[in-house]
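Novice: Predicted model follows, preceded by the sequence.
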Amino acid sequence: MNDPKTPQSLFGPRVRLAPSPTGWFHVGNARTGLFNYLFARKTGGTFVLRVEDTDKERSKKEYEENMLEGLKWLGVEWDEGPEKDGSFGPYHQSDRIEIYKEYLSQLLEEGKAYYCFCTPEELEAQREDMIARGMPPKYSGKCRDLPENTVKEYLAQGKPSVIRLKMPKKVIKFNDIIRGEVEFNLDLIGDTVIAKSLDEPLYNFAVVIDDYLMKITHVIRGEDHISNTPKQIVIQELLGLPTPNYAHLPMILGPDRSKLSSRHGAMGLNEYKKMGYLPEAMNNFLAFLGWHPLGDKEIFNLEELIDKFDLNRVQKGGAIFEIKRLDWFNAQHLKTLSVDQLFDKIGEYIKTFSKTPKILDNYSPEYIKKVIELETPRLTKLSDFLEFSEFFFQENIDYPKEYLKWKTMEEIEIPTSLKDCLAVLEKIPEKEFNKAKIETSFYNFISESYLYKKDKGRLLWPLRVALSGKKASPGPFEIAEILGKEESIKRVNFALSKLNS
RNA sequence: GGCGCUAUCGUCUAGCUUGGUCUAGGACACGGGGCCUUCAAUCCCGGAACAUGGGUUCAAAUCCCAUUAGCGCCA
């Protein structure tokens, strides 16, 4: 904290998310982004988004767009980066090649880095030899002290080369906010390659330069980068740059406890949107993967997460991505929404992903909202709505007639029940056709019948199936109210006709 | 192979800094039950963990050491 070499900013901490657009934006990136965002907002800092697209073969514009879209969906807004100008751009590494070149040249001139002309075959042979002798497989340092003329000559000849760092023999220690003191013996690492050429810097080098120039004060990233950290610190030291604070987040794991990947069936973030998950639930779930606030409260929106967030409470061990837990978070968040909010979200979901968006045109918002209100307790995901409530939006429903049979009934008894239902329904005035009235009407009727009083299912189960066509649905009275008198009667009649056929 | 990180219920975790209040708390999932016309929601109950072995101490999930296992990085 008091290290004078730690970068300081007058405007609070500066953090960054620095993904490579070489694949669909996944939950690991999203979680890292979320933690950076929460930290920045909590501390009044700045969240920078930097696109590490130096790998020209694998980087694709569509991946980058997918990433921006994912971040926007979550509400994890960056302050500087693509689409948002800042004073520390450009924010694409591909636009910063000239900058890296300068620093690379400086290291070369100062003799802190050197050209290496060893061939892959030579390196492979060296490595095997080292391993065979039980030593750490590191570069031998063969080209470390090549005479200047030789280097110039080789370069002029166009001999393939890379740029290596002259790794000092020392122990690097750094204080990780999450893990405490971590130390590495550089002697075991060897002279690492920092660039393929002056125009092609490698990850470890570009990161250091960017973090410095973008005045990053806190590097919050995945634990898989912890082994890169000593190399990056050495580069900082050789260049005379400050070292930021580091916080290495635990990994998100698959069910087999290895790093979560598509191998586990993990999908891009937009797939979760497609499945009907809410961004609030995703944030809540992701935040709780490796972090936990004080107390027993579990359901938090973004604002509340910001308020409670504390890097010091981040877990050290990896956390398995368990979708059932996400389901629960989603159901809980769904229940916090008002009917109007749900109507908007479900409407948008249907418009974007459903093959049958016409229910929005064919039914009034009031009607749809009533259905939503009724179905909310059953919803886990937005997509469930269509599945559970389709019978409200179909002119003609159909179902196997066996569904109509209550467990204590014989099939020949069903028509009687349905006819009784019809009689009750018909007696209710159109204007009073609401749940309360329907319910009292039925209960009055039931109280007059010894058979129904003993076993209400004999009357109500066939009615419910006639109205919904499903084995599982909300209760018959609330369905009937929404359907209306006419449609309810029509459906009971339809059930009767099914039994005759 | 080397180095590094990690280790509490099946899962996410609280507790560990400042040993005793921990016969280890919560949540998800699971099982059972209540409500009940089904499903869901909801409520109640239940099983379920300090990786192992040594220390230190009157006392250890908590401190120290070793071991084991898992993962990550390096090519």
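Specialist: Done, it's in. Numbering: from 1, shown residues only, chains lettered A, B, ... in the order given.

Novice: CA atoms for contacts and neighbours, from now on please.
Specialist: Fine.

Novice: Quickly note the distance from residue A:228 to RNA strand B.
Specialist: Applying CA to the nearest atom of the strand, to the nearest Å, the value for residue A:228 to RNA strand B is 6 Å.

Novice: What's the local residue count around that residue?
Specialist: 12 (other CA atoms under 10 Å).

Novice: likewise the one 4 residues further on?
Specialist: Applying other CA under 10 Å, we find 20 other residues in the vicinity of residue A:232.

Novice: list the buried ones in the helix or strand hosting it?
Specialist: Using DSSP states H and E, the element containing residue A:232 is helix A:229-239. For helix A:229-239, the neighbour count (16 or more other CA atoms under 10 Å) marks A:229, A:230, A:231, A:232, A:233, A:234, A:235, A:236, A:238, A:239 as buried.

Novice: What does the pLDDT read for whichever residue of the stretch 301-450 of chain A sits closest to RNA strand B?
Specialist: Nearest residue of the stretch 301-450 of chain A to RNA strand B: residue A:378, at 3.0 Å (CA to the nearest atom of the strand). Note for residue A:378: predicted pLDDT of 95.

Novice: go on, the one 3 residues further on?
Specialist: Residue A:381 carries a pLDDT score of 96 in this model.

Novice: Residue A:181 too?
Specialist: At residue A:181, the predicted lDDT confidence score is 87.

Novice: Could you work out the end-to-end span of stretch A:265-278 for me?
Specialist: 20 Å (CA to CA, to the nearest Å).

Novice: How far does that stretch sit from its chain's centre?
Specialist: 7 Å (CA atoms, centre = their mean, to the nearest Å).

Novice: what is the mean pLDDT for stretch A:303-323?
Specialist: pLDDT averaged over stretch A:303-323 gives 93.

Novice: List the buried residues in the helix or strand harbouring residue A:361.
Specialist: Using DSSP H and E, residue A:361 falls within helix A:359-362. Within helix A:359-362, the residues that count as buried by 16+ other CA under 10 Å are residue A:359.

Novice: what residues does the helix or strand following it touch?
Specialist: Next helix or strand after helix A:359-362 toward the C-terminus (DSSP H and E): helix A:365-375. Outside helix A:365-375, the residues that touch it by CA atoms under 8 Å, 6 or more residues apart in numbering are A:339, A:340, A:342, A:343, A:385, A:388, A:389, A:392, A:474, A:478, A:482.

Novice: nearest spatial neighbour of the fifth one, skipping sequence neighbours?
Specialist: It refers to residue A:385. Leaving out its chain neighbours, the residue that sits closest to residue A:385 by CA to CA, 6 or more residues apart in numbering is residue A:379, at 6.5 Å.

Novice: which one of the contacts of helix A:365-375 is nearest residue A:305?
Specialist: Comparing the contacts of helix A:365-375 against residue A:305 with CA to CA places residue A:342 closest, at 22.0 Å.

Novice: Could you measure from the closest one over to residue A:407?
Specialist: Distance from residue A:342 to residue A:407, by CA to CA: 36 Å.

Novice: Between those two, which is the more surrounded one?
Specialist: residue A:342 (19 against 10).

Novice: Please, which helix or strand holds that one?
Specialist: helix A:339-353.

Novice: Likewise for residue A:220?
Specialist: strand A:218-222.

Novice: Let's test this: mean pLDDT of that strand, rounded?
Specialist: Strand A:218-222 comes out at a mean pLDDT of 95.

Novice: Output that strand as PDB, nothing but the C-alphas.
Specialist: Extracted C-alpha coordinates of strand A:218-222, given in PDB (Å, rounded to 0.1, in the frame of the first residue of the first chain):
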ATOM      1  CA  HIS A 218      -5.200  -2.700  -9.500                       C
ATOM      2  CA  VAL A 219      -4.900  -5.700 -11.700                       C
ATOM      3  CA  ILE A 220      -7.900  -8.000 -10.900                       C
ATOM      4  CA  ARG A 221      -7.800 -11.100 -13.100                       C
ATOM      5  CA  GLY A 222      -8.100 -14.800 -13.000                       C
END
